[in-house]
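Asks: here is my input; please provide its structure:
(one chain, ligands or ions: 1)
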Amino acid sequence: FIDVVVGVTAYIYTLFKGDNLLPFDPARFEKDLNENLYGQHIVSKVVLKAVSSFMTDSNPNKPLVLSFHGTTGVGKNHVAKIIARNIYEKGDQSSHYITFISEHHFPHKDMVDMYSAQLKQWISGNVSSFPQSMFVFDEMDKMNPRLVETIKAFLDYTARVDGVSFRKAIFIFLSNAGGNVIANLALDFWREGKEREEIQMNSKGMETQIFQNIFNDKSSGFWHSSIIDHHLVDHFIPFLPLELKHVRQCVLAEMASLSITVDHDLAESVVREMPFFPPEVTIFSVKGCKSVRQKLLLYIG
Ligand SMILES: Nc1ncnc2c1ncn2[C@@H]1O[C@H](COP(=O)(O)OP(=O)(O)OP(=O)(O)O)[C@@H](O)[C@H]1O
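Replies: Got it, this is the predicted structure:
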């Protein structure tokens, strides 16, 4: 009954608030990624292809399931929002774009049964009223294995739970798992004098390395689950560590979004405040573009 109430409420909300799908335009999506995502050529390519083919398929056989991996501040949440603004009229403000953060939404181990029931109801209710709902699970590696199993029920090819079909839904998992493997690989390429753009999904067995790294992490709930065994994730997507020039682009983008006149000297000062690694050569940003906005605000405040 609660599912129906959630469903009907969401449907009425959609009708009145104009919270609907945008007509999907692969060219617009590509342009958005090219202009607003810095230094992530693998991500751009895989996400563009995966989301475009899914959104233009009138009858997908399973939900789209993507798993984003990388160290902090390299654009995982940012890409989820870019996807949302190309799918929904209201972008990441849409009621169909639903984010869960493990340690925020499911903090207590002894309440896992209740969380599991709520999560199930929440996903079913939303998808039954709006099949193209998008669910983003942040800190997926910190998720309780029981909750991962709950999510798993929705990802399968059978794609029907309690009479609701989930084939048009999108699930995105975000985690830092595998981030160090990816960062070390980028560092190896740099040390060998190779171009960043030469790094590909299969470079030095990257996908396998990420996979092993997250699979061997005994503390990670996600990777003990059968999501991996059942091949329910369509793509594991590596986010590379960002270089100084990418952080500079982030600062300039923040200036534009704050409507500040572009000031390259100021941008340089902000970039130089950020920590880089390895310490002797300062090539990659430790925190990606995270807290760039706050640093900029300190300068102009
Ligand atoms: N590759 C990028 N291109 C453009 N902007 C970026 C990129 N990476 C990060 N940013 C900017 O930095 C902010 C923080 O990044 P984001 O929240 O996406 O990081 P994250 O990878 O999800 O980090 P965490 O693992 O800590 O959650 C974004 O809102 C965006 O403005």
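
Asks: any idea which helix or strand in this structure has the lowest mean pLDDT?
Replies: Here the helix or strand of the chain ranked lowest by mean pLDDT, DSSP states H and E is helix 221-224, holding a mean of 59.

Asks: using the three-state scheme, assign the residue in the stretch 101-250 of the chain that the ligand sits nearest to.
Replies: Proximity of the stretch 101-250 of the chain to the ligand (Cβ to the nearest ligand atom) peaks at Cys250, 5.0 Å away. Placement of C-beta: from N, CA and C, glycine included. Put simply, Cys250 is helix when judged by DSSP: H, G, I helix; E, B strand; the rest coil.

Asks: excluding its backbone neighbours, what's nearest it?
Replies: Spatial nearest neighbour of Cys250, excluding adjacent residues (Cβ to Cβ, 6 or more residues apart in numbering): Cys289 at 3.7 Å.

Asks: any idea of the pLDDT on that neighbour?
Replies: pLDDT, Cys289: 97.

Asks: cool, Val65 as well?
Replies: pLDDT, Val65: 95.

Asks: helix or strand next in line after the biggest helix by length in the chain, which one?
Replies: Scanning the chain for the helix with the most residues, using DSSP state H, yields helix 112-129. Where DSSP states H and E defines the elements, the next helix or strand beyond helix 112-129 is strand 134-138.

Asks: show me what that following strand is packed against.
Replies: helix 76-87, strand 97-101, strand 170-175 (3 or more Cβ pairs under 8 Å, 6 or more residues apart in numbering; DSSP states H and E).

Asks: before we move on, the earlier item: let me know the secondary structure of the residue nearest to Cys250.
Replies: From three-state DSSP, the assignment for Cys289 is coil.

Asks: the nearest residue to Arg146 once chain neighbours are set aside: neighbour count?
Replies: Among residues not flanking Arg146 along the chain, Val112 sits closest, at 5.0 Å (Cβ to Cβ, 6+ apart). Using other Cβ atoms under 10 Å, Val112 is surrounded by 15 other residues.

Asks: list of residues touching the helix or strand hosting Gln294?
Replies: According to DSSP H and E, Gln294 maps onto helix 292-300. Identification of contacts with helix 292-300 by Cβ atoms under 8 Å, 6 or more residues apart in numbering yields Val247, Cys250, Val251, Glu254, Met255, Leu258, Ile260, Leu266, Ser269, Val270, Glu273, Met274.

Asks: give the contact list for Asn77.
Replies: Taking Cβ under 8 Å, 6+ apart as the test, what Asn77 contacts is Val136, Asp138, Leu174.

Asks: output those of those residues also counted as contacts of the ligand.
Replies: With Cβ under 6 Å from any ligand atom as the criterion, the contacts of Asn77 include Leu174 near the ligand.

Asks: okay, the contacts of Asn77 in CSV with neighbour count next?
Replies: Shown next, in CSV, are those (neighbours: other Cβ atoms under 10 Å):
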residue, neighbour count
Val136, 24
Asp138, 21
Leu174, 24
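
Asks: Serialize the contacts of Asn77 to CSV and add fields for pLDDT.
Replies: What follows is the contacts of Asn77, written out as CSV (pLDDT from 0 to 100):
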residue, pLDDT
Val136, 97
Asp138, 94
Leu174, 95
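
Asks: ok, the contacts of Asn77 vs Asn126, which is closest?
Replies: Checking those against Asn126 by Cβ to Cβ gives Val136 as the nearest, at 12.6 Å.

Asks: wait, what's in contact with the closest one?
Replies: Residues near Val136 by Cβ under 8 Å, 6+ apart: Asn77, Ala80, Tyr97, Ile98, Thr99, Phe100, Ile172, Leu174.

Asks: what distance do you get for the residue nearest to the third one when sequence neighbours are not counted to the ligand?
Replies: Which is Tyr97. Once flanking residues are discounted, Tyr97 sits nearest to Ala84: 4.5 Å by Cβ to Cβ, 6+ apart. Distance of Ala84 to the ligand, given as Cβ to the nearest ligand atom, to the nearest Å: 13 Å.

Asks: Ala84 reaches Ser95, doesn't it?
Replies: No: look at Ala84 against Ser95 with Cβ atoms under 8 Å: they stay out of range, at 11.4 Å.

Asks: comparing those two, which residue is more hemmed in?
Replies: Ala84 (21 against 17).

Asks: what separation do you get for the more buried one and His104?
Replies: 19 Å (Cβ to Cβ, to the nearest Å).
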